[in-house]
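Enquirer: Build me a structure from this.
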Amino acid sequence: MNRRTAGVFLGLVLVIALGIVVLWWSQREEPVAPSQLVAPETSESGADEALAEFYFPGNGGRLFVEQRTLPASEGLEEHLSSLLETFLSGPEAEDLYPAFPPEVSLGHTNVTAEGIAYVDLTITGQSTNLPWGSKQEMLAVYGLVDTVLLNLPEIQGVILLRNGEQRSTFGGHLDTTRLLLANHDLVAERVQ
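Expert: The predicted structure is shown next:
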């Protein structure tokens with residue numbers, strides 16, 4: 001093979017590779033901004049309750065939706081706290097798993113005027129990162145983040161704190177120093 005033929009062949013290979021990358025990029029799902037999502041409907045049973053969707057880990061390394069009715073809250077931060085306390089208590093369905101271990105509880109929450117929720121998780125008995133694999137850490141963190149953002153469209157993103165401080169990670173794998181947005185890639189498709 002002479003140089004010209006080799007150059008044409010290499011150019012053709014690069015064009016095909018670029019085409020594959022462009023095709024893959026155009027077909028992947030774009031993340032949906034929390035402001036574009038629709039909040040779950042209010043329960044028809046009365047104005048004293050609201051329907052919420054919780055995202056819990058289940059079989060297959062995915063997050064699954066569990067709907068529950070919560071008492072209606074007067075303010076956004078009160079609703080956020082109620083939502084998170086229920087999330088941290090774990091699922092009711094037997095085929096779903098708690099996202100966080102029992103030694104994790106809600107410390108405090110704060111929502112800024114820009115719609116950023118600061119969520120402080122209190123972890124007792126843990127001096128280092130939670131003993132998780134990367135998938136377990138992703139399911140826990142994004143289960144919490146998706147539960148917040150997909151129920152409360154006023155909130156644009158979540159900053160996670162651990163024992164009052166923003167740490168680089170919760171389990172050693174996922175960067176939690178940045179603003180966290182909803183992750184639809186981990187959510188299992190609903191079966192109708």
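Enquirer: use CA for all of it now, contacts and neighbours both
Expert: Will do.
Enquirer: quick one, what contacts Tyr179?
Expert: Tyr isn't right for residue 179; it's Leu. Gly157, Val158, Ile159 (Cα atoms under 8 Å, 6 or more residues apart in numbering).
Enquirer: For these, pick the one with the most neighbours.
Expert: Gly157 (25 neighbours; other Cα atoms under 10 Å).
Enquirer: Just the pLDDT at it, thanks.
Expert: With respect to pLDDT, Gly157 has a value of 97.
Enquirer: quick one on the thing from earlier: from the contacts of Leu179, which is closest to Phe56?
Expert: Phe56 lies nearest to Val158 out of those, by Cα to Cα, at 17.3 Å.
Enquirer: So which elements touch the strand or helix carrying the closest one?
Expert: Assigned by DSSP states H and E, Val158 falls within strand 157-162. Packing partners of strand 157-162 (3 or more Cα pairs under 8 Å, 6 or more residues apart in numbering; DSSP states H and E): strand 116-123, helix 134-151.
Enquirer: Outside of the shortest one itself, which residues are in contact with it?
Expert: Residues external to strand 116-123 that are found in contact with it (Cα under 8 Å, 6+ apart): 103-111, 155-165.
Enquirer: ditto for stretch 138-150
Expert: So stretch 138-150 is in contact with 34, 37-40, 53-57, 61-63, 80, 83-84, 87, 99-100, 155-158, 174, 180-183, 186, going by Cα under 8 Å, 6+ apart.
Enquirer: Could you check how far stretch 87-104 is from the centre of its chain?
Expert: 15 Å (Cα atoms, centre = their mean, to the nearest Å).
Enquirer: ok, and for that stretch, which residues are buried?
Expert: Buried residues in stretch 87-104, counted by 16 or more other Cα atoms under 10 Å: Phe87, Leu88, Gly90, Pro91, Leu96, Tyr97, Pro98, Ala99, Phe100, Val104.
Enquirer: Give me the subset of those residues that lies in helices.
Expert: In helices, defined here by DSSP state H, the members of these are Phe87, Leu88.
Enquirer: Pro71: which of the buried residues of stretch 87-104 is nearest?
Expert: Phe87 (14.0 Å).
Enquirer: what bridges to the residue nearest to Leu160 when sequence neighbours are not counted?
Expert: Once flanking residues are discounted, Leu160 sits nearest to Val119: 5.1 Å by Cα to Cα, 6 or more residues apart in numbering. Beta-bridge partners of Val119, counted by DSSP bridges, are Thr109, Leu160.
Enquirer: Near Val119, how many other residues are there?
Expert: Counted with other Cα under 10 Å, Val119 comes out at 25.
Enquirer: Could you list which residues are in contact with Arg68?
Expert: Neighbours of Arg68 in contact, by Cα under 8 Å, 6+ apart: Leu51, Ala52, Glu53, Phe54.
Enquirer: and with 7 Å instead?
Expert: Leu51, Ala52, Glu53 (Cα atoms under 7 Å, 6 or more residues apart in numbering).
Enquirer: does it sit in a helix or strand, and which one?
Expert: strand 62-71.
Enquirer: No more questions from me, cheers.
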